[in-house]
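Q: Sharing a model that was predicted from the sequence below.
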Amino acid sequence: MDNTASGDKILSIDIGGSHIKATLLNLQGDLLMDYKKIETPVPATPQKVIQGIMNLSKSFEDYQKVSVGFPGYVKDGVINTAPNLNTSLWSQVNLKKGLTEALNKPVRIVNDADMLGLGVISGKGFEVVITLGTGFGTAFVKDGVLLPHLELAHHPVSKDQTYDEYVGEKALENKGLEKWNERMKKVLAILKTVFNYDYLYIGGGNAKRLTMKLDPNIKIFSNRDGIKGGARLWHMENERPVSLQEVRVGG
C-alpha cells in the first residue's frame, strides 16, 4: 500500500481512436497503478465516451483530480475538432464540464499530444512532439512552456492529402510498412526544415514501426514515458501555458 495522500492522486485518461486508457499518478507523475483500458465506443458520441470513462474510473479509488488527453483541438475544455472520433459529434461539446459533472472531480483537458509532450520534454530549447497512431498528433514547447496547440494533422502535406491521411493508421495499412516509412522520411524532413527544432520526440503506437536512421536529436518515446504529462497539467495555473523552468516535476 502506498503512502500517497488521496489529494495527491490524479486519474490520468487518454482518449484514443481505438481505446480509452486510464491510470493513477501522484503529483510527481509516478505511476501508482498499471493502465486499464476499454475500447472506444462506436459511434464515439460524447455521451458514450463519458459513460465509458465513468465505468473505467470505477477501477480507481481515492483520486482527487482528473487529467484528460483528447485527440483533437481543445480550447477551455470545449472540443472544436475530433477527426478520429467524428467532429460532427463533438464540435462545441464542453467535455470538461461533462466529465466534471460525471466524475464529481475537477478536470483539466488538453490535446492528447500536448499532454504526452509535457511528460517527455526536457524543458530546454524549442521542442516538438509528434504522435503516430490513428492520426498524426503534434505539440510544441519553448523552454518548457506549452505553446498554443496547432492541428498540423489537418494541413496538406501532399497535393490531396493531409498529414492524418498521409501517415495515419489507414495509410500504414493501405500502403504497407516500406511505403509508409518513405512517407515518414518526407514528413520528418519537412518538420526539420519548417520548425528548426532543438529536439523532436516521436510517440504513439506506430512510432516503433519507423525503420529509418534518426538524427541524434530525435527520440522515440512510449506512452509510459509521457505519463508525467497528466501530473504536470496540474502544475499549470491555467491549462496553458506551463513552464517547466518554474515547476520541475519528477526530475
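A: Perfect, I can see it now. These numbers were taken from a predicted model, which means no experiment stands behind them.

Q: all helices for the stretch 1-150 of the chain, in order.
A: 46-57, 87-90, 95-103, 112-120 (DSSP state H, counting those that start in this stretch).

Q: wait, doesn't residue 118 sit right on residue 234?
A: No: Residue 118 lies out of contact with residue 234 (CB atoms under 8 Å); the separation is 10.5 Å. Every C-beta, even on glycine, is put in place using the N, C-alpha and C of the backbone.

Q: out of the two, which sits in the more crowded spot?
A: Higher neighbour count among residue 118 and residue 234: residue 118, with 30 against 22, using other CB atoms under 10 Å.

Q: one step back: turn the helices of the stretch 1-150 of the chain into a markdown table, columns for distance to residue 225 and mean pLDDT.
A: What follows is those, written out as a markdown table (distance: least, CB to CB, whole Å; pLDDT from 0 to 100):
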| stretch | distance to residue 225 | mean pLDDT |
| --- | --- | --- |
| helix 46-57 | 22 | 97 |
| helix 87-90 | 28 | 96 |
| helix 95-103 | 25 | 98 |
| helix 112-120 | 5 | 93 |
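
Q: Most tightly packed of those helices?
A: Burial of the helices of the stretch 1-150 of the chain is given as mean neighbour count (mean count of other CB atoms under 10 Å); helix 112-120 ranks first at a mean of 28.

Q: Which strands or helices does that one pack on?
A: Packed against helix 112-120 by the contact rule (3 or more CB pairs under 8 Å, 6 or more residues apart in numbering; DSSP states H and E) you find strand 10-15, strand 65-70, strand 126-132, strand 136-142, strand 145-146, strand 199-203, helix 229-232.

Q: Take those and write them to CSV, including mean pLDDT.
A: As requested, the helices and strands packed on helix 112-120 are exported to CSV (pLDDT from 0 to 100):
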stretch, mean pLDDT
strand 10-15, 96
strand 65-70, 96
strand 126-132, 97
strand 136-142, 94
strand 145-146, 89
strand 199-203, 97
helix 229-232, 92
